[in-house]
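# what follows is a predicted protein model with its sequence.
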Amino acid sequence: MVTTSLLMMMSSVHAEGLTTAEGKNLTVSFGRPAIKQVLHYRKMYDKKPFPDAEIYYYDNGTYKIISQGENHYGVYVLQGKFDDETFTVRFISLPSADWGNKTAFHQLTFIKSEKQNVFIQNAIVDTGEAIAQQNGTYTQEKNTVTNPVSTRWENK
């Protein structure tokens, strides 16, 4: 079995979505920082009962998520714009220990309102397990982290 290791590296120059493969390594560079969201879950997944999470988005479709129990990377597709009243983000996590060294799919729909910003989350994992819908509130701001590799929940 061929093992592929994913190296997510950031140079001082943005690679504009550059992805390269050499030998057993795949290198994906982060794009420019886009948006950071802080999620506050009201309804959580029983196996990952972490009430808060942060997502760091990059303009080339890469992201990093951290929480008390998550620290992984992935790719996303945005339906709409981050500043729309309602928009949806579809995430595929890259294989990580967070999901049993497999991928996971998440779809989050974000709804802005004057009173409170809310999200609804649906997830599918490679184990076939049904994950009940999750939801909560969120805040959104400019992402100022150009290299999220050392960004960890423990450092907060």
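That came through, no problem.

# where in this structure is pLDDT low?
Applying pLDDT under 70 to the chain picks out residues 1-18, 155-156.

# 80 instead?
Applying pLDDT under 80 to the chain flags the ranges 1-21, 127-130, 155-156.

# now the strands for it?
In the chain, the segments counted as strands under DSSP state E are 5-9, 19-22, 25-29, 33-43, 52-58, 62-67, 71-79, 86-96, 102-111, 118-125, 134-142.

# from the contact counts, what lies against the second one?
Strand 19-22 is packed against strand 25-29, with contacts defined by 3 or more Cβ pairs under 8 Å, 6 or more residues apart in numbering; DSSP states H and E. Heads up, the C-betas are built off the backbone N, CA and C, glycines and all.

# can you give me the angle the strand it packs on makes with strand 62-67?
90 degrees (axes from the mean of the first three to the mean of the last three Cα atoms, to 10 degrees).

# show me what strand 25-29 is packed up against.
Contacts defined by 3+ Cβ pairs under 8 Å, 6+ apart place strand 25-29 against strand 5-9, strand 19-22.

# what do you get if the cut-off is 7 Å, keeping everything else the same?
Applying 3 or more Cβ pairs under 7 Å, 6 or more residues apart in numbering; DSSP states H and E, one finds that strand 25-29 contacts strand 5-9.

# now the strands of the chain as a markdown table including mean neighbour count and distance to Val149?
Shown next, in a markdown table, are the strands of the chain (neighbours: other Cβ atoms under 10 Å; distance: least, Cβ to Cβ, whole Å):
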| stretch | mean neighbour count | distance to Val149 |
| --- | --- | --- |
| strand 5-9 | 12 | 6 |
| strand 19-22 | 10 | 17 |
| strand 25-29 | 17 | 11 |
| strand 33-43 | 17 | 13 |
| strand 52-58 | 21 | 11 |
| strand 62-67 | 22 | 8 |
| strand 71-79 | 16 | 9 |
| strand 86-96 | 17 | 13 |
| strand 102-111 | 17 | 20 |
| strand 118-125 | 18 | 24 |
| strand 134-142 | 14 | 19 |
